[in-house]
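Peer 1: Coordinates for the following, if possible.
(chains A and B)
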Amino acid sequence: MSEPLLIDLSKRGRKAYCYPPLDLPRGFDQALPDLPEHLTRQKPARLPEVAELDVVRHFTRLSNLVHGVDNGMYPLGSCTMKYNPKLGEHIAAMEQFTHIHPLQDISTVQGCLSVMYNLLEDLSSITGMSWGSLQPCAGAHGEYTGLKMISAYFLEKGETQRRRVLIPVSAHGTNPASAAVVGFDVVEVKSNKDGLVDIEDLAPKLDETVAALMLTNPNTLGLFEKEILTISEMVHDVGGLLYYDGANLNAIMGMATPGDMGFDVLHLNLHKTFSTPHGGGGPGSGPVMVNDRLRPFLPKPDIELTDSGYVYRWDGEQSIGKVSMFWGNFLVALRAYVYILRMGSEGIKAASQHAVLNANYLAAKIGERIAIPYGKRAMHEFVASAKALRHENGTTAQDLAKTLIDEGYHPPTVYFPLLVEEALMFEPTESESVESLDRFVEAFFRVLDLAERDPEYLKEAPHHTPVGRLDEVRAVKEPELRY
Amino acid sequence: MIYPYIPHTDEDRRAMLKAIGVASIDELFSDLGADLLLEDSVPISHGRTEDEVQRMIDSIAQRNIRGIPFLGCGCYDHITPATVKALSSLPSFVTAYTPYQAEMSQGLLQAIFEFQSMVCEITGLDVANASLYDGANAAVEAASLMIASKRKATTILVSETIHPFVLNVLRTWALGTAHTIGLLPQINGTADFDQLSELLDDEVAGLIVQSPNRYGLLEDYTSVAETLHQKGMLLTISADPLSLAIQRSPAEWGADIAIGDTQALGLPLAFGGPSCGYMAVTKALMRRIPGRVVGATVDNAGRRGYTLTLQAREQHIKRERATSNICSNQALAALMTTIHLSSLGWGGMVEAASQSYAKAHYLAYHLAQLPGVTLIWDKPFWCEFPLLFNDAKRMRKFLQELRNEGIFAGVRLSTLTRKSSDELVLLVAVTEKRSREELELYLAAARRVLK
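Peer 2: Alright, predicted model coming up:
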């Protein structure tokens, strides 16, 4: 089942593409540029020389060796692998969008600007914030942008001593990494026995050196931070700001807003909550949304609707400036806009309701046979623990995950959050039917049966994939990173 | 309204609630509390059917006006083989996540491995990552990498000739941190390396330059790397990767880091995004490169396979001590570039770059014959050149007349720099995609306006 590298099928002189001949008058028609030699490339690059059908078969075969949401259930916790509607793909492929240059005269791009402006309006309504920017290209990029704005806000106020950002231990790894990139010192906040922010640990850490608290709500255990209004008051009382990691917004759309919870700034993951495809790791889109306090600090340019149409606003003096080359991942934003148009106010609420219904149903079923250490009630995801099984016969979360692959499922997220030993984090999303969830539970139980009967078999899993478990130590020690 | 993306029937809901042991869906949200639960629905429009959405989008799309683009400045209208769209739309590529589970992601991992290999081949450097957001963010990552590579360094020198938006993004990165952006001045449209040595104080970690630069000019980096390396500093070259088919590669100039956008290699204009940033580094910097990296290894039966590797650099392991915060990248865009390059081969890349060169020079030569405009500097360029108008009114008329002919004649430099002193400079980009007829149409219109 293995597919060779395309370069290994190369044969000199074979072509998969032909350009039209250069039809310029004599003097301009030379085959190669007459650049001075010291500016001219010396060594050719080694690229495949193959026929078009070779290219087609190669990538088609590679695609057969990939599991996506279109192939089957993908309950990867924290990633919201919901169905990506085909309508979004169809519209994002329209030439009236794909063939528009970012620096065209503004009178010729009113359609694109209308999409961006109206999407920002809708996202503001959904999050309870006042405005935002679509420039960030991914969730972590949104975090970076939001924290940059927090930094600029305190710089403006002369409160340069605010160099600390508080982050719960259960947070996504990007939170502390983004805070560090922006130049903040990261301080961890503990979780209490219920898996929520430990207010007794938080209180003494709050002082005038704190710039912000970053929170995901519901948190990465899938639990709603019930004390959020208290936490918000505590942070604001010492002059700090509250940052919302929107990775888990799929739990609460249309039910509650981060704005009401007291958050000052947040990022969204349009590739999670708003159904744009993950593309094998990107491109995503990570808009930042802010309340009035931080609005002057949004990236440039802003978009404004005037009597003569949409215009860019470059004059924001307190703006942090640009964070991407042009205006962000426009085609991703367009797909999210299509999703919102399609679902509407009632639809996005229904999405969150059914995401939570599915997670609770799955938790109720799976919880019959494996511990779910935190929380009586899950929101859109929950975290189980294989700790007991590991003590019993050495079977790890990793073993369960790898054996699930043989059942045709993408496994849940494993070993995250760090709070739970042998963690398995399930997020079914609203896209799965009850039958689909039942089949998954059956498959998971077959894996558990196997684990009890033959733990050694699981150690070698998966057994039915093109390759088995890979030697990751060798990959690090003897890096082979290119052909 | 029934939502096709939500499969639940009334019967399903009842059965599921019963299995959970609650009476209603609302009960599942009881942790939110009355203070937070919204009483009214969110003030956005009601849902629409697929057909209604399509009609609405069609009418929005009509407000975008297409022309024959002679526009560049970091985003170019090149020919793309049909294979790119067809193969990059294969559903499993589109709907997969980051390939954490290697055994069921071999196709994606191998495609990334091939992407990394091609970036290495084109830049001449040793190690490439799986992609970054875009060229501007690749510059930010290069700046971070250089700062981290030299003890006590705080300053990144940046050539004044770098793309103005990249400079903006770098300034945002430095804002409020201990990092400083220093500028290497320009002379006659290219970086002035005569001034380099005196700017290299102890704080400097490295230099970022760009070729073709913000004016489209090709820069000469003879002995620049040596000057920097003698002081323990690094050189980053930003380059349109298609230009590297003809111009000297970053490795041939002795660069430590190569960055840029792969947009010219198979990605549509797309109003500027998604693009795809690339980064390649020398072997010495391998363990500092940001973002995902795929490596080849063997499985438990000795079969070759691919996996994400060197993950000890990354945020999900190292948290605040990671080399970067990047998680999601531009994987599908990188795949498009990989398919594009697989279709073109090196011969096709040289052909596209050479034809772009020839057509740009043809247009530039004939425009330069016209009164009222000059090619500003007599320096080598590739597919984009700066045209200086002697009069703002004439320039506006020129742009308007050509737009009436369906031609987008170029980008005013002031659009990028927001400086009135740049208002008379028009950057004109010509790719291999522009036909002879389109070039003649441009010239005929230009002759009418500028006679």
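Peer 1: Please, where are all the strands along the stretch 151-300 of chain A?
Peer 2: For the stretch 151-300 of chain A, strands defined by DSSP state E, counting those that start in this stretch occupy the ranges A:164-168, A:185-189, A:210-216, A:241-245, A:265-267, A:288-290.
Peer 1: Out of those, which gets nearest to A:Val332?
Peer 2: Smallest distance to A:Val332 across these (C-beta to C-beta): 13.7 Å, for strand A:265-267. The C-beta positions use only the backbone N, C-alpha and C, and glycine is treated the same way.
Peer 1: Would you format the strands of the stretch 151-300 of chain A as a markdown table with distance to chain B and mean neighbour count included?
Peer 2: What follows is the strands of the stretch 151-300 of chain A, written out as a markdown table (distance: least, C-beta to the nearest C-beta, whole Å; neighbours: other C-beta atoms under 10 Å in any protein chain shown):
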| stretch | distance to chain B | mean neighbour count |
| --- | --- | --- |
| strand A:164-168 | 8 | 25 |
| strand A:185-189 | 4 | 17 |
| strand A:210-216 | 10 | 26 |
| strand A:241-245 | 12 | 28 |
| strand A:265-267 | 12 | 31 |
| strand A:288-290 | 13 | 30 |
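Peer 1: Mean pLDDT added to those, as JSON lines?
Peer 2: Formatted as JSON lines, the strands of the stretch 151-300 of chain A follow (pLDDT from 0 to 100):
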{"stretch": "strand A:164-168", "mean pLDDT": "97"}
{"stretch": "strand A:185-189", "mean pLDDT": "97"}
{"stretch": "strand A:210-216", "mean pLDDT": "97"}
{"stretch": "strand A:241-245", "mean pLDDT": "98"}
{"stretch": "strand A:265-267", "mean pLDDT": "98"}
{"stretch": "strand A:288-290", "mean pLDDT": "98"}
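Peer 1: Export those strands to a markdown table and append columns for distance to B:Asp77.
Peer 2: Formatted as a markdown table, the strands of the stretch 151-300 of chain A follow (distance: least, C-beta to C-beta, whole Å):
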| stretch | distance to B:Asp77 |
| --- | --- |
| strand A:164-168 | 43 |
| strand A:185-189 | 44 |
| strand A:210-216 | 41 |
| strand A:241-245 | 38 |
| strand A:265-267 | 32 |
| strand A:288-290 | 30 |
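Peer 1: Quick one, which of those strands gets closest to B:Gly33.
Peer 2: If you check each of those against B:Gly33 by C-beta to C-beta, strand A:210-216 wins as the nearest, at 16.2 Å.
Peer 1: strands paired with that closest one, and their directions?
Peer 2: Based on DSSP bridges, the strands next to strand A:210-216 in the sheet, each with its direction, are strand A:164-168 (parallel), strand A:241-245 (parallel).
Peer 1: TSV for these, including distance to A:Glu427?
Peer 2: Below are those laid out as TSV (distance: least, C-beta to C-beta, whole Å):
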stretch	distance to A:Glu427
strand A:164-168	19
strand A:241-245	15
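Peer 1: Which stretch among these approaches B:Arg321 most closely?
Peer 2: Comparing these against B:Arg321 with C-beta to C-beta, the closest turns out to be strand A:164-168 (13.5 Å).
Peer 1: quick check: angle from that closest one to strand A:185-189?
Peer 2: Between strand A:164-168 and strand A:185-189, the angle formed by their directions is 30 degrees, by axes from the mean of the first three to the mean of the last three C-alpha atoms, to 10 degrees.
Peer 1: mind checking which helix or strand B:Val84 is in?
Peer 2: Using DSSP states H and E, B:Val84 sits within helix B:82-88.
Peer 1: Please identify the buried residues of that helix?
Peer 2: B:Thr83, B:Val84, B:Leu87, B:Ser88 (16 or more other C-beta atoms under 10 Å in any protein chain shown).
Peer 1: Out of these, which two are the most distant from each other?
Peer 2: By the measure C-beta to C-beta, the buried residues of helix B:82-88 have their two most distant members at B:Thr83 and B:Ser88, which lie 8.8 Å apart.
Peer 1: residues bridging contact with the two, i.e. touching both?
Peer 2: Contact criterion C-beta atoms under 8 Å, 6 or more residues apart in numbering or on different chains; residues bridging B:Thr83 and B:Ser88 by contacting each: B:Ile339.
Peer 1: Spell out whether the longest helix along chain A and chain B are in contact.
Peer 2: Ranked by number of residues, the top helix in chain A under DSSP state H is helix A:330-366. Yes: with C-beta under 8 Å from any C-beta of the partner chain as the measure, helix A:330-366 is seen reaching chain B through A:330-332, A:338, A:340-351, A:353-354, A:356-358, A:360-361, A:364-365.
Peer 1: ok, and for that helix, which residues are buried?
Peer 2: Going by neighbour count (16+ other C-beta under 10 Å), the buried part of helix A:330-366 is A:330-366.
Peer 1: Many thanks, I have nothing further to ask.
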